[in-house]
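[1] prediction below, plus the sequence it came from.
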Amino acid sequence: MTQSAVAPSSSFLDRHHFLLRRLHSLTGIMPIGVFVMFHLFTNMQMAFSTFQHEVDWIHSMPALLFLEVFGLWLPIAFHAGLGLIYTFNAKYNTRHYRYGGNWRYTLQRVTGILALIFILVHVATLRWRWPILGEHTPFFAWGWAVPGSGGELVPLATATTALAIQSSLLVILLYVVGVFSAVFHLANGLWTAAITWGLTLTQQAQRRWGYVCIAIFLGLASFSAMALYASVTYQASEVEKASLAKTLEVYRQTGVYPHKGDKPHPPGHEPEAVETRLIMPPATDP
Amino acid sequence: MIAPKKPEIITFRIKRQDARDAQPYWEVFEVPYKPNLNVISCLQLIAENPVTREGRQSRPVVWDCSCLEEVCGACTMVINGRVRQSCSALVDQLLEEVGEGEITLEPMTKFPVVRDLWVDRQRMFDNLLRFKGWVPIDGTHDLGEGPKESPEEQELRYELSRCMTCGCCLEACPQFTLDNDFIGANTFGQVVYFNAHKTGRVLMNERLDALMEPGGIADCGNAQNCVKVCPKDVPLTIAIAKAGRQTTVHSIKRFFTGKR
């Protein structure tokens, strides 16, 4: 009998080839895919008044960094790393074989790269606060108190994102292309994963599951569209604009951002007397 | 279907290569039109008089063929950019595809070229060997009656048995390249075919172990071109999904059983 087993000296990647490939498929669904669904549902709430509450709830989670590292960053890095290797080892041929499946195969890899670029910029700005998109990089949920804010921190979750999207064609393009790429990549990935794992065997079963994936695509795409529409049409108040400007200025000087529950003024900038006079009447009232 | 306007002359643009590692080049030949020609009969006409359109004396085009009735797969080549058998590629239909233009003939790109349109398809036959594409009934003793098969099983196995190892599915597959280790749809079909046979199933675990190695079932990208170009309508995507299911179950079993 011919012995087809891989030689023991072969690389780690070769010895665990099947496992790595299946983990690539699995990580795309859980945790990444499930996370994206909840993420876009949260974003959709920018069209309602509940978005700030959701953002604060996420930021109040215990062991948030642990969840991020093991639930998101490592799975995404793994999924993207292997995905890129697969992408550049393929031989695309949609020119000669113009089948729907072949287009989706190619599109799956194109949207994967677009979504990856988007996710890197998105996380770098919003999470790691790299101001690579300049003045209007959306990256925080709260702003320092300004006159008119009642001496409190100003909730800016919707305002920063909306203003960033309104301020630059590049930002809106990044979000539109990036988000819809990710949504397609997820929905189409769910369709192919069902074949990969052997859930959908026949053409009929694959077509049925395809309808479910189209529904998932449409649902997530409409969540995304609602969030984008809410951002584009958002009317920021003067207080929000002033608070954002002040927060950016303080950040440039001190490198500090406020969080929910912080004191309303940056350290060293407390205008105690002014605020006290505004709020309390003079003690020497006749 | 017959082309509405029949041309006097059919033009063939043929990719030629003198030896395995030689540089390919193109030559154009003209053949007088007759109804009901196929590509092979045109190649025979060119062989009779191998003079290019420019009037230069060339040599007959080399290609591989055997059955001339689309059951052996040997004469598979890329015709008008699409892979198919040259014996069943009818010129009248090809003329509809190209209109007034030339019919192009190229060797398959996913197999090493031996000469002109003749390629070496050995990789597929090696894979059948590697994946034990047979039912083990060797021996001198009486094996008794064969196993009973249900009509449903028989139906799927019949469809899978039609594979003629022509290589169309691999040529059209974006995951399969000349120099990678991907096994490809036709072998997945045969693995599922022999695993479905009650006696062939004896070798199922060995086949599935091999299917989980690099280049195996996990490398399928689900473009599904294979099933679209298959001339014998082999249900390759069912086979791929079944191979996926079998390896899923097999790997979970292996994980919880462990190695002794």
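    Done, it's in. Numbers count the residues shown, from 1 in each chain, chains lettered A, B, ... in the order given.
[2] in the stretch 51-200 of chain A, where is pLDDT below threshold?
    A:134-140 (pLDDT under 70).
[3] mind running it again at 90?
    A:55-56, A:59-60, A:124-142, A:149-151, A:157-158, A:160-171 (pLDDT under 90).
[4] tally of neighbours for the nearest residue to residue A:234 once chain neighbours are set aside?
    In this structure, residue A:234 finds its nearest non-sequential neighbour in residue A:162, 3.5 Å apart by CB to CB, 6 or more residues apart in numbering or on different chains. Backbone N, C-alpha and C define where each C-beta goes, glycine included. Residue neighbour count, defined by other CB atoms under 10 Å in any protein chain shown, stands at 24 for residue A:162.
[5] now residue B:125
    For residue B:125, using other CB under 10 Å, the count is 11.
[6] residue nearest the middle of chain B, spatially speaking?
    In chain B, the residue lying closest to the centroid (CA atoms, centre = their mean) is residue B:167, at 1.8 Å.
[7] check contacts around residue A:36.
    Taking CB atoms under 8 Å, 6 or more residues apart in numbering or on different chains, we find residue A:36 in contact with A:182, A:183, A:186, A:220.
[8] list the buried residues for stretch A:244-258?
    A:244, A:246, A:247, A:248, A:250, A:251, A:257, A:258 (16 or more other CB atoms under 10 Å in any protein chain shown).
[9] just the CA trace of that stretch, in PDB.
    Provided in PDB are the C-alpha atoms of stretch A:244-258 (Å, rounded to 0.1, in the frame of the first residue of the first chain):
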ATOM      1  CA  LEU A 244     -15.600  67.900  21.100                       C
ATOM      2  CA  ALA A 245     -13.300  70.800  20.300                       C
ATOM      3  CA  LYS A 246     -12.300  71.200  23.900                       C
ATOM      4  CA  THR A 247     -11.700  67.400  24.300                       C
ATOM      5  CA  LEU A 248      -9.400  67.300  21.300                       C
ATOM      6  CA  GLU A 249      -7.500  70.400  22.500                       C
ATOM      7  CA  VAL A 250      -7.000  68.900  26.000                       C
ATOM      8  CA  TYR A 251      -5.900  65.600  24.400                       C
ATOM      9  CA  ARG A 252      -3.300  67.400  22.300                       C
ATOM     10  CA  GLN A 253      -1.900  69.100  25.400                       C
ATOM     11  CA  THR A 254      -2.200  66.300  28.000                       C
ATOM     12  CA  GLY A 255      -2.900  63.000  26.100                       C
ATOM     13  CA  VAL A 256      -5.900  62.400  28.300                       C
ATOM     14  CA  TYR A 257      -9.500  61.600  27.400                       C
ATOM     15  CA  PRO A 258     -12.500  61.600  29.900                       C
END
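[10] pLDDT (mean, whole number) over it?
    Per-residue pLDDT over stretch A:244-258 has a mean of 86.
[11] which other residues reach it?
    A:129, A:135, A:140, A:142-144, A:146, A:153, A:156, A:159-160, A:163, A:236, A:264, A:266-267, A:269.
[12] could you do stretch A:148-162 as well?
    A:46, A:51-52, A:55-56, A:136, A:138-146, A:230-232, A:234, A:236-244, A:247, A:258, A:260, A:262, A:264, A:275, A:278-279.
[13] check stretch B:81-88 too.
    Contacts for stretch B:81-88 (CB under 8 Å, 6+ apart): A:95-97, B:38-40, B:43, B:63, B:65, B:67-70, B:73, B:75-77, B:79, B:104-105, B:108, B:117, B:166-168, B:171-172, B:229, B:231.
[14] go on, stretch B:128-139?
    Contacts for stretch B:128-139 (CB under 8 Å, 6+ apart): A:1-2, A:4, B:143, B:165, B:183, B:187, B:190-191, B:193-194, B:197, B:199-200, B:202-203, B:206-207, B:210-211.
[15] need the buried ones from those selected in PyMOL.
    Burial among those is assessed by 16+ other CB under 10 Å; the matching PyMOL selection reads:
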select buried, (chain A and resi 4) or (chain B and resi 165+183+187+190+191+193+194+197+200+203+207+210+211)
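[16] which ones among the contacts of stretch B:128-139 map onto helices?
    B:187, B:190, B:191, B:193, B:194, B:206, B:207, B:210, B:211 (DSSP state H).
[17] fine, thanks again, bye for now.
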